[in-house]
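Student: Sequence plus the predicted model coming up.
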Amino acid sequence: MTAQLNPRGDVAVLVPAAGAGVRLGPGAPKALRLLAGQPLLVHAVRRIAAAPSVHTIVVAAPATEVEAVRAMLAPVASVTVVPGGAERQASVAAALAAVPAGPEIVLVHDAARALTPPQLVESVAAAVRDGHDAVIPVLPVVDTIKEVDATERVLGTVDRSALRAVQTPQGFRRPVLVAAHRSAADALTDDAGLVEKQGIAVTCVPGSELALKVTRPFDLALAEHLLATGA
Ligand code: CTP
Ligand code: MG
């Protein structure tokens with residue numbers, strides 16, 4: 001069933017989905033790979049569309065797959081699809097340029113985080129609505145982290161209590177994200193990183209284990225298992 005987005009919502013979600021998925025191994029672009037019989041992108045968009053504040057979804061698809069992605073998502077939700085770029089940052093910029101007037105909160109969410117619960121979309125958006133310029137969902141780091149040199153010799157142990165693993169969706173007041181992309185110099189894999197370079201404060205909210213990024217074959221197997229057990 002096609003999800004109805006909220007015409008009175010204040011949130012636009014950009015979904016970069018144009019990556020190749022090199023680390024997942026040979027096959028289709030990652031966002032189009034199947035998880036329990038459906039593309040990762042379909043799982044991701046269905047969950048975004050279920051978040052009540054969402055007014056607009058813009059997907060950046062692989063340039064050769066724009067029509068296929070439009071057809072794939074038409075039964076899921078009313079979504080705008082644009083061609084992505086060679087780097088994630090270019091894909092996000094292309095999607096951002098397609099957001100219509102209206103939503104003043106913009107979230108950027110990896111298609112590869114296909115099982116992210118709608119509640120995380122809402123909690124990030126709520127933190128921006130509450131007055132934060134930039135908000136990222138994070139988890140504590142569980143492994144001991146060592147700093148090493150080029151020969152794999154240990155230089156020291158990093159204080160893990162001060163570290164966070166960062167997920168998406170990352171949320172921004174719209175003008176903050178627009179300005180960060182306009183003045184972006186280097187390609188970063190993280191939109192909050194661009195905002196940090198502008199000297200703007202970035203705030204953390206609790207992330208979700210279910211927002212794991214499908215990167216390697218192990219992650220795909222884990223996502224299959226999570227889906228089979230009710231995610
Ligand atoms: N992405 C994108 N455009 C790019 C590169 C990445 O829209 N040029 C998107 C991916 O589709 C993914 C998200 O950014 O949803 C996070 O990137 P990543 O997990 O690195 O995906 P890929 O780049 O596809 O994977 P890999 O780096 O293994 O090739
Ligand atoms: Mg990548």
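Tutor: Perfect, thanks for sending it. Numbering: from 1, shown residues only. Ligands and ions are numbered 1, 2, ... in the order given.

Student: from the chain, which residue is nearest to ligand 1?
Tutor: Gly19 (2.0 Å; CB to the nearest ligand atom). Just so you know, the C-beta spots here come from the backbone N, C-alpha and C atoms, and that holds for glycine as well.

Student: Roughly how far does the residue at minimal distance from the centre of the chain sit from Gly25?
Tutor: Centroid-nearest residue in the chain: His109, 1.9 Å away (criterion: CA atoms, centre = their mean). Separation of His109 from Gly25 (CB to CB, to the nearest Å) stands at 24 Å.

Student: The residue nearest to Val202 when sequence neighbours are not counted: neighbouring residues, count only.
Tutor: Spatially, and ignoring its direct neighbours in sequence, Val202 is nearest to Ala134 (4.4 Å; CB to CB, 6 or more residues apart in numbering). Applying other CB atoms under 10 Å, we find 23 residues neighbouring Ala134.

Student: and Ala134, what does it touch?
Tutor: Neighbouring residues of Ala134 by CB atoms under 8 Å, 6 or more residues apart in numbering: 128, 170-173, 176, 192, 195, 200-203.

Student: let's go with 10 Å and repeat that
Tutor: 127-128, 170-173, 176-177, 180, 191-192, 194-196, 198, 200-203 (CB atoms under 10 Å, 6 or more residues apart in numbering).

Student: ok so, going back, pretty sure the residue of the chain closest to ligand 1 is in a strand, no?
Tutor: No: assigned with DSSP: H, G, I helix; E, B strand; the rest coil, Gly19 falls outside any strand and is coil.

Student: I'd assumed Ala31 was in contact with it.
Tutor: Yes: using CB atoms under 10 Å, Gly19 makes contact with Ala31 at a distance of 7.1 Å.

Student: which residues do these two both contact?
Tutor: Shared contacts of Gly19 and Ala31 (CB under 10 Å, 6+ apart): 60, 62, 84, 110-112.

Student: Taking the residues you listed, tell me the two that lie furthest apart.
Tutor: Greatest spatial distance among the shared contacts of Gly19 and Ala31 (CB to CB): Pro62 and Asp110, at 14.4 Å.
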